[in-house]
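Q: sequence unavailable; structure follows:
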Ligand code: IPM
Ligand code: MG
């Protein structure tokens, strides 16, 4: 094994530690078998960061993140931290790490494994066509715009305010990522905005249109976000790549995820510019949250985290054959084994760790086949 990659785990809160533990099994198996070497480290984020350092994104974590080749995060947040100051809440740790690593492009693929079509809330013929890559702008828009705050108006009354902004440069860089992904997929890109109401969205639409001129082979369309929500829920098959402003992407990605049957299946990758070593700055995390109600009970579905690691293999390491083997292993496992969130008649109900073990075993079989 020539190189060994530094992989930093940020397990976080709730089911985060349980699902990332299963990813660690996969990474350790690849190392042990001499497929890809990983040096594994851990650091705190979210509520775990607050508990240990009174900071949801501790300095030490910020330092280690920059030393790592890729970062794998579990989840943040939970009822334990509802009373901590707003700027120290677990979610702030996630916003801080995205900003600090300059991760402007968030990739959220929503697709359904054939094995899970029955688990979706939608009719089979509608859900069958769902295979969309949501590219969400991650460090701009109303999430980060200044000024923001809560003003005291006296008499116990307040005014809360935020600023929605997008600049040409902010839109250009994420649009380029989306066009390149569209080029490698179905060559169709739908850009989402609210340009009928918001000036920031006028700049968004104009910029996407102008970037699109460099990609004549990609069919570009625009859609208002309210219409997009309806279209996604009723005719998902029309979408290939959806490019979304930060808040719209947050909302539409949960919708797309829920349509696939379980939030427990959907991975994500957040990418920035290149590191000095040529790999991208990148953070991988399951789209589901910390699910405090089921934390610590072995009920969590580790597949979204494991599929996030599949994205890591592809987007950070370019290890496509290994990623393919892992994906096939996940599909195989779904033929027989299910965590409670995706349980169906005739399948065997298993806990988080068993699911991870099954994936590792099948991945090994798969890799032995191709070797
Ligand atoms: C997500 C989450 C986060 C977001 C929260 C936890 C800050 O909902 O990754 O979609 O709003 O971006
Ligand atoms: Mg969200």
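A: Okay, I see it. Bear in mind that the values here come from a model prediction, so they are computed numbers and not experimental data. Ligands and ions are numbered 1, 2, ... in the order given.
Q: secondary structure element for whatever residue of the stretch 51-200 of the chain ends up closest to ligand 1?
A: Nearest residue of the stretch 51-200 of the chain to ligand 1: residue 91, at 3.9 Å (CB to the nearest ligand atom). (Each C-beta comes from the backbone N, C-alpha and C, glycine too.) According to DSSP states H and E, residue 91 maps onto helix 90-100.
Q: which bits of the chain sit near ligand 1?
A: Applying CB under 6 Å from any ligand atom, we find that the chain lies next to ligand 1 at 91, 94, 95, 250.
Q: how far does the helix holding residue 91 sit from the chain's center?
A: Chain-centre distance of helix 90-100: 14 Å, with CA atoms, centre = their mean, to the nearest Å.
Q: report all helices and strands that it contacts.
A: For helix 90-100, the packing partners by 3 or more CB pairs under 8 Å, 6 or more residues apart in numbering; DSSP states H and E come out as strand 4-12, helix 46-53, helix 59-67, strand 70-75.
Q: so which of the ones you listed is nearest residue 264?
A: Nearest of those to residue 264, taken as CB to CB: strand 70-75 at 11.3 Å.
Q: now that closest one and strand 4-12, what's the angle there?
A: An angle of 20 degrees separates the directions of strand 70-75 and strand 4-12 when computed by axes from the mean of the first three to the mean of the last three CA atoms, to 10 degrees.
Q: still on that earlier bit, make a markdown table from the helices and strands packed on helix 90-100 and add mean pLDDT and mean neighbour count to it.
A: Shown next, in a markdown table, are the helices and strands packed on helix 90-100 (pLDDT from 0 to 100; neighbours: other CB atoms under 10 Å):
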| stretch | mean pLDDT | mean neighbour count |
| --- | --- | --- |
| strand 4-12 | 97 | 22 |
| helix 46-53 | 98 | 22 |
| helix 59-67 | 97 | 15 |
| strand 70-75 | 98 | 28 |
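Q: export the ones you listed to a markdown table and tack on distance to residue 281?
A: Output for these, formatted as a markdown table (distance: least, CB to CB, whole Å):
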| stretch | distance to residue 281 |
| --- | --- |
| strand 4-12 | 12 |
| helix 46-53 | 19 |
| helix 59-67 | 8 |
| strand 70-75 | 9 |
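Q: let's verify the residue lying closest to the residue of the stretch 51-200 of the chain closest to ligand 1 once chain neighbours are set aside: helix, strand, or coil?
A: Nearest residue to residue 91 in three dimensions, chain neighbours excluded: residue 77, at 5.6 Å (CB to CB, 6 or more residues apart in numbering). Per DSSP: H, G, I helix; E, B strand; the rest coil, the local secondary structure of residue 77 is coil.
Q: wait, residue 77 sits on residue 13?
A: Yes: at 5.9 Å, residue 77 counts as touching residue 13 under the criterion of CB atoms under 8 Å.
Q: and for the two, which residues touch both?
A: 46, 47, 90, 290, 292 (CB atoms under 8 Å, 6 or more residues apart in numbering).
Q: out of those residues, which comes closest to ligand 1?
A: residue 90 (7.9 Å).
Q: so that closest one versus residue 105, what's the distance?
A: Separation of residue 90 from residue 105 (CB to CB, to the nearest Å): 23 Å.
Q: so what's residue 330 up against?
A: 113, 303, 306, 307, 310, 359.
Q: I'd like those residues written out as TSV, with neighbour count, pLDDT and secondary structure added.
A: What follows is these, written out as TSV (neighbours: other CB atoms under 10 Å; pLDDT from 0 to 100; DSSP: H, G, I helix; E, B strand; the rest coil):
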residue	neighbour count	pLDDT	secondary structure
113	19	90	coil
303	30	97	helix
306	28	98	helix
307	26	98	helix
310	25	98	helix
359	27	98	helix
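Q: adding distance to residue 69 as columns, could you present these in CSV?
A: Shown next, in CSV, are the contacts of residue 330 (distance: CB to CB, whole Å):
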residue, distance to residue 69
113, 29
303, 23
306, 19
307, 19
310, 16
359, 22
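Q: so what touches the lowest-mean-pLDDT helix or strand in the chain?
A: Least confident helix or strand of the chain, by mean pLDDT, DSSP states H and E, is helix 124-127 with a mean of 86. With contact meaning CB under 8 Å, 6+ apart, helix 124-127 is reached by 112, 117, 118, 120, 234, 235, 236, 237, 259, 260, 261.
Q: low-confidence ranges, the stretch 1-150 of the chain, go.
A: Along the stretch 1-150 of the chain, the model assigns pLDDT under 70 to residues 1-2.
Q: what about the helices in the protein?
A: Counting by DSSP state H, the chain has helices at residues 16-32, 46-53, 59-67, 90-100, 124-127, 168-184, 199-212, 225-234, 246-259, 303-311, 320-336, 352-370.
Q: packed most tightly, which of the ones you listed would that be?
A: Of the helices of the chain, the one with the most neighbours on average (mean count of other CB atoms under 10 Å) is helix 303-311, at a mean of 26.
Q: got the angle between that helix and helix 16-32?
A: Using the same axes, to 10 degrees: helix 303-311 against helix 16-32 is 40 degrees.
Q: so what secondary structure elements neighbour helix 303-311?
A: Using 3+ CB pairs under 8 Å, 6+ apart, the elements in contact with helix 303-311 are helix 16-32, strand 70-75, strand 280-284, helix 320-336, helix 352-370.
Q: ok, 6 Å please
A: The contact analysis (3 or more CB pairs under 6 Å, 6 or more residues apart in numbering; DSSP states H and E) places helix 303-311 against helix 16-32, helix 320-336.
Q: can you give me how far the first one is from the chain middle?
A: Looking back up the chat, that one is helix 16-32. From the chain centre to the centre of helix 16-32 is a distance of 17 Å (CA atoms, centre = their mean).
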